[in-house]
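**Q** Sequence first, then the predicted structure:
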There are 2 protein chains.
Amino acid sequence: MKSVGLITEYNPFHNGHQYHINQSKKLTNADVTIAIMSGNFVMRGEPAIYNKFTRAKMALSTADLVIELPATASLSSGDHFAELAVKVADYMSVDTIAFGSENNDIKTLKQLAHSINEIEQSESFSQKVKEGKSYPRIISELLEHHEALASPNNILGISYLKAIAKNAKNINAISIKRENAQHHDSLIQHHQFASGTSIRTSIISQDDHWHHVVPKDIQHLYVTPHITLNQIFPYLKYQIIAMTTDSLKNIYTVTEGFENRLKSNIYEATDFHHFVKLLKTKRYTYTHIQRLLMNVLLNIKPTDVTSNIHAVKVLAMNDRGRQYLKHLKTAFPERQYITNINKSNAHYFTNEIKATHIYNAISGQQQTDFNTPVIQQYR
Amino acid sequence: MKSVGLITEYNPFHNGHQYHINQSKKLTNADVTIAIMSGNFVMRGEPAIYNKFTRAKMALSTADLVIELPATASLSSGDHFAELAVKVADYMSVDTIAFGSENNDIKTLKQLAHSINEIEQSESFSQKVKEGKSYPRIISELLEHHEALASPNNILGISYLKAIAKNAKNINAISIKRENAQHHDSLIQHHQFASGTSIRTSIISQDDHWHHVVPKDIQHLYVTPHITLNQIFPYLKYQIIAMTTDSLKNIYTVTEGFENRLKSNIYEATDFHHFVKLLKTKRYTYTHIQRLLMNVLLNIKPTDVTSNIHAVKVLAMNDRGRQYLKHLKTAFPERQYITNINKSNAHYFTNEIKATHIYNAISGQQQTDFNTPVIQQYR
């Protein structure tokens, strides 16, 4: 069976995602579409608006298989995210990875990936890191023709290409041009496509704009948000007070005395976004800081971080997905394709299970990795 | 100046406490009355219904000085509580400690203290500990004439006497018979005196029974409770999920695999009291378990525990109290009597400051050890 993999967050799923899956399938002639999706916390450094079970169900409207990305993938750098996602794709024996980008010229993106790899090895790069500059700024300073990097999806695409070149040379890559919506748009302006940001805004403010931009047959899944950053903040504040400075220092992605910034700014902060603003320095992007805060919330230490895939969690599958899984299990009997978590395999997913429990403890949601069997229907 | 010290929690202050202070002063002919009071968390293993600043203000209606007991004193055993309280009394150069008891026969209590000291050194005691019995049960099994131990205040009184015999032989002790209210009464049944439990119940249920049993001139201080156990539970649950089993094992008073009980029961628990019930074993009392949970909430480790007094925090004082402090500062220039916490002395009070910040983070209260100067008026 020919397979195409998509690296996704679906926060939440919308027509643009559906278009992306369908185009990927069409362009690669794939038999099966595999969405590799973030769990309960996403790359923006936030809890997802709906939990992973609901989002997997949404995705099953169009994809054949939904696989959970390791929790720590979303909570460090774009490069680490891409690397783990590509490793999951490889574990799923994916033939092609199809990513969305503003620029669907894969050749240019590959050249950029190559140039960036070289820049990262250079002395000027290390020098600028020492000067305290943020990664995106350094790349834009050292890379000629960096216009493509203004678009977040191009940047991610380049990260995928770098990761493929490094860890999974057998996987092909194609890029699908995104339709009609910029990643950061905050209003729904177009008829059929909109950005995740604008859809979340619409859902939170309980207007009905989002109705037009998500597939009709899954609209019943778009209920009140499962969780918001406002709910997260008191717990984060509590944890930063309760933890010693030394413990904060040992949290994943906390470096260079950032633990002291956390301790000294927490009392003044009135809410999550205010706190992030107080913490901002020229070295760190807002996104880096938000991810770091999620690492504090989830108490993730460097030793918790997944760097290789020893098992994958199947969140959702339809008949075609099940068939593909069966094929994989025969081809790779030593691999762990887990559809239902229980005591005997839970140790593979410690971070993901914890993240789900914390998401639930704060939001009051009830679905855990133990009580939620693999999803097989989306209606 | 002749001084009498009272070891207290004032959760909240009521007529019985006022009677106790006045009687102590009268019986000892003291010039100054010193209340040594728990901070924001009390021996029941709970946050206090009002924060320490409000409770100190209430106490200042009758006492001349209010000194904060170290936070960890309230969060281990009655013996540790008594030992630290007596050490604070000694640091305050108190002549006499006056404690309330159901039995005001100090001679009997002293004999009991002596017998219990001997029992604790005995082999039968160690044997029964190994059998998994709780401390109160062992004492009641090994001590003849243990009827006096049925009353919680007698037990505490005996702990004070043991601590005085051990650490502060120069301090006298007297006992004041409690008037008309059992410690655990849950309803206000008498005209002038009532138990702390019944007063808290009355305040929480917003009836006006408590009006009759607290001093008239401080009734304005009895506002809506600052915090409840219902508010605490989600944070406790979050922390037990976020912490690793190993970290829980390192929390003060967590022993013998109790960390596993915490981890395995937290998901089933619907609220604080349900959780405590699920955790109960014959070895541990409810109170021990509640204190242990507060240690988890406050992230207190054995290395955080105060065993000697290097400074005391003055929460409240009137003119007579100030005069006494002045006298102490002259007599003991090397001692630290701190009326206002700032950066230079905050290191003495790390636990107390943290406990206050956590109390505030959960309850929304605003008074911290830094922004609240020593209280000098109660009206």
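**A** Received it, and whenever you're ready, just let me know what you need.
**Q** from here on, contacts and neighbour counts on C-alpha atoms
**A** Fine.
**Q** tell me the mean pLDDT for stretch A:147-163?
**A** Averaged across stretch A:147-163, the pLDDT comes to 81.
**Q** Please apply the same query to stretch A:59-78.
**A** Stretch A:59-78 carries an average pLDDT of 94.
**Q** how about the helices of the stretch 101-250 of chain A, start to end?
**A** Secondary structure of the stretch 101-250 of chain A by DSSP state H, counting those that start in this stretch: the helices cover A:106-121, A:123-130, A:135-142, A:152-167, A:196-204, A:229-242, A:245-249.
**Q** For B:Y324, find the nearest of the ones you listed.
**A** Evaluated over the helices of the stretch 101-250 of chain A, closeness to B:Y324 peaks at helix A:229-242, with 35.3 Å, by Cα to Cα.
**Q** what's the spatially closest residue to A:I338 that is not a sequence neighbour in contact with, if anything?
**A** Excluding the flanking residues, the one nearest A:I338 by Cα to Cα, 6 or more residues apart in numbering or on different chains is A:K313, at 5.0 Å. Each residue near A:K313 by Cα atoms under 8 Å, 6 or more residues apart in numbering or on different chains is listed here: A:I67, A:E68, A:Y337, A:I338, A:T339, A:N340.
**Q** Quick check: chain neighbours aside, which residue is closest to A:G157?
**A** Excluding the flanking residues, the one nearest A:G157 by Cα to Cα, 6+ apart is A:F99, at 6.3 Å.
**Q** and that neighbour, helix, strand or coil?
**A** Put simply, A:F99 is strand when judged by DSSP: H, G, I helix; E, B strand; the rest coil.
**Q** how close does it get to A:A165?
**A** Separation of A:F99 from A:A165 (Cα to Cα, to the nearest Å): 15 Å.
**Q** Settle it for me: which of these two has more neighbours?
**A** A:F99 (26 against 16; other Cα atoms under 10 Å in any protein chain shown).
**Q** Quick check: that one touching A:I174?
**A** Yes: assessed by Cα atoms under 8 Å, A:F99 is found in contact with A:I174 at 6.6 Å.
**Q** The closest residue in space to A:H226 that isn't next to it in sequence and A:S195: what is the separation?
**A** Using Cα to Cα, 6+ apart and skipping residues adjacent in sequence, the residue nearest A:H226 is A:Y50, 5.1 Å away. Between A:Y50 and A:S195 the distance, using Cα to Cα, works out to 16 Å.
**Q** just A:K301 next, same as before
**A** Counting by Cα to Cα - A:K301 and A:S195 are separated by 33 Å.
**Q** quick one, which of the two is more surrounded?
**A** The neighbour comparison of A:K301 against A:S195 (other Cα under 10 Å) goes to A:S195, with 26 against 18.
**Q** Pull the number of nearby residues for the closest residue to A:V88 other than its chain neighbours.
**A** Take A:V88 and drop its neighbours on the chain: the residue closest to it by Cα to Cα, 6+ apart is A:I309, 6.5 Å away. Using other Cα under 10 Å, A:I309 has 17 other residues around it.
**Q** cool, and A:S159?
**A** 25.
**Q** same question, the one 4 residues further on
**A** Residues near A:A163, counting by other Cα under 10 Å, number 22.
**Q** contacting residues for it?
**A** Contacts for A:A163 were tallied using Cα under 8 Å, 6+ apart; they are A:D79, A:A82, A:E83, A:V86.
**Q** Go through the residues you listed and give me the one with the most neighbours.
**A** Among these, A:V86 has the most neighbours (other Cα under 10 Å), with 29 neighbours.
**Q** Let me know the distance separating that one from chain B.
**A** According to Cα to the nearest Cα, to the nearest Å, A:V86 stands 28 Å off from chain B.
**Q** isn't there a strand covering that residue?
**A** No: counting by three-state DSSP, A:V86 is not found in a strand; it is helix.
**Q** Put the alpha carbons of stretch A:365-379 into CSV.
**A** Output of stretch A:365-379 as CSV, limited to C-alpha atoms (Å, rounded to 0.1, in the frame of the first residue of the first chain):
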residue,chain,number,x,y,z
GLN,A,365,-12.3,16.8,30.6
GLN,A,366,-12.6,13.1,31.3
GLN,A,367,-11.1,11.2,28.4
THR,A,368,-7.8,9.6,29.3
ASP,A,369,-5.4,7.3,27.4
PHE,A,370,-6.8,4.4,29.4
ASN,A,371,-10.5,4.9,29.1
THR,A,372,-10.5,6.0,25.4
PRO,A,373,-10.1,3.1,22.9
VAL,A,374,-8.8,3.8,19.4
ILE,A,375,-11.3,6.0,17.6
GLN,A,376,-12.9,4.3,14.5
GLN,A,377,-15.9,6.6,13.7
TYR,A,378,-16.2,10.3,13.4
ARG,A,379,-19.9,10.8,13.1
